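# dropping a prediction and its sequence here:
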Amino acid sequence: MENMAHLSARVYGYVQGVNFRYFVIHEATYSGLKGYVRNLADGAVEVEAEGDKNQLQELVEQLKIGPRGAQVIEVQTSWSDYSGKFDSFEVRY
């Protein structure tokens with residue numbers, strides 16, 4: 001479990017209605033991460049992900065870019081200990 005971590009991120013900007021959640025699923029699944037992504041009522045996108053810390057850091061870099069059509073203004077992150085509570089990576093509604 002060394003080098004495993006939990007990432008909580010909120011992505012702000014023009015990030016809803018531009019396939020941002022599916023972009024995150026693709027990036028996270030490709031990297032072997034588990035967790036979820038969902039739209040928030042305030043217009044942000046929330047990402048909870050677990051896995052290898054290096055892969056999580058790469059995901060943060062991808063969140064800063066986003067898919068074509070997105071305009072990311074800010075990505076807020078917080079880190080905590082790996083919990084192992086996720087079985088896959090999914091969209092939550």
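Received, thanks.

# now Lys64: closest residue in space that isn't a chain neighbour?
Val75 (5.3 Å; Cβ to Cβ, 6 or more residues apart in numbering). C-betas here are computed from N, CA, C, even on glycine.

# what mean pLDDT does whatever helix or strand that neighbour lives in get?
Assigned by DSSP states H and E, Val75 belongs to strand 71-81. Taken as a whole, strand 71-81 has a mean pLDDT of 98.

# tell me the mean pLDDT for the helix or strand hosting Leu63?
Using DSSP H and E, Leu63 sits within helix 53-65. The average of the pLDDT scores along helix 53-65 is 98.

# list the contacts of that helix.
Residues outside helix 53-65 that contact it (Cβ atoms under 8 Å, 6 or more residues apart in numbering) are 3-5, 7, 9, 11, 23-24, 27-28, 31-33, 47, 49-50, 72, 75, 77.

# go again with 10 Å.
2-7, 9-11, 13, 15, 20, 23-24, 26-28, 30-33, 35, 37, 45, 47, 49-52, 70, 72, 74-75, 77, 79, 82 (Cβ atoms under 10 Å, 6 or more residues apart in numbering).
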